[in-house]
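In: Attaching a predicted model along with its sequence, questions to come.
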Amino acid sequence: MSEHPEHPNRAAHYTEQDVQREVSELESRSATAARIFDLRRIIGGLFVVYGVIVTITGITDGQAAIDKAEGVNINLWTGIGMLLLGLFFLAWLKLRPTPPPLPPEGVPEEPEDREAR
């Protein structure tokens, strides 16, 4: 049986800069995914869409539907409340965006202007 020599340092051909660049790219992709799938965006968008639908239903409700709710146009008030809640979530997202990821521990931060030294 012949054995093939194994390569214990298979990743040795990567430089430190290559590894750091790859890590930076993965971190930026992760941050982008976190911003895209931020729950505030999803919840806010759904509440705005459903709020518009329920508000339109409340505006077009007949007197029978209002009488059924003891004289309160419940669809209109619920739709307005849903719209306000959805707009609150979207404003919160706009005013307080997802922070960028922190640098991993153990990796010293490099000064941005190396040529100035």
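Out: Here it is on my side, so go on. Numbers count the residues shown, from 1 in each chain.

In: May I have whichever strand or helix holds residue 79 as CSV, with CA atoms only?
Out: Secondary structure from DSSP states H and E places residue 79 in helix 74-95. Once side chains and other backbone atoms are set aside, the C-alpha atoms of helix 74-95 remain, and they are given as CSV (Å, rounded to 0.1, in the frame of the first residue of the first chain):
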residue,chain,number,x,y,z
ILE,A,74,-63.2,49.5,14.2
ASN,A,75,-61.6,48.8,10.8
LEU,A,76,-60.8,52.4,10.3
TRP,A,77,-59.3,52.9,13.7
THR,A,78,-57.4,49.6,13.6
GLY,A,79,-56.0,50.4,10.2
ILE,A,80,-54.8,53.8,11.3
GLY,A,81,-53.2,52.2,14.3
MET,A,82,-51.5,49.6,12.2
LEU,A,83,-50.2,52.3,9.8
LEU,A,84,-48.8,54.3,12.7
LEU,A,85,-47.1,51.3,14.2
GLY,A,86,-45.6,50.3,10.8
LEU,A,87,-44.3,53.8,10.2
PHE,A,88,-42.8,53.8,13.7
PHE,A,89,-40.8,50.7,12.9
LEU,A,90,-39.6,52.1,9.6
ALA,A,91,-38.7,55.4,11.1
TRP,A,92,-36.8,53.5,13.9
LEU,A,93,-34.9,51.6,11.2
LYS,A,94,-34.0,54.8,9.4
LEU,A,95,-33.0,56.8,12.5
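
In: Next secondary structure after the worst-scoring helix or strand of the chain on mean pLDDT?
Out: Considering only helices and strands, the least confidently modelled element of the chain by mean pLDDT, DSSP states H and E is helix 16-36, at a mean of 73. Moving toward the C-terminus from helix 16-36, the next helix or strand (DSSP H and E) is helix 39-60.

In: Just checking, which helix or strand succeeds that following helix along the chain?
Out: In N-to-C order, the element after helix 39-60 by DSSP H and E is helix 63-68.
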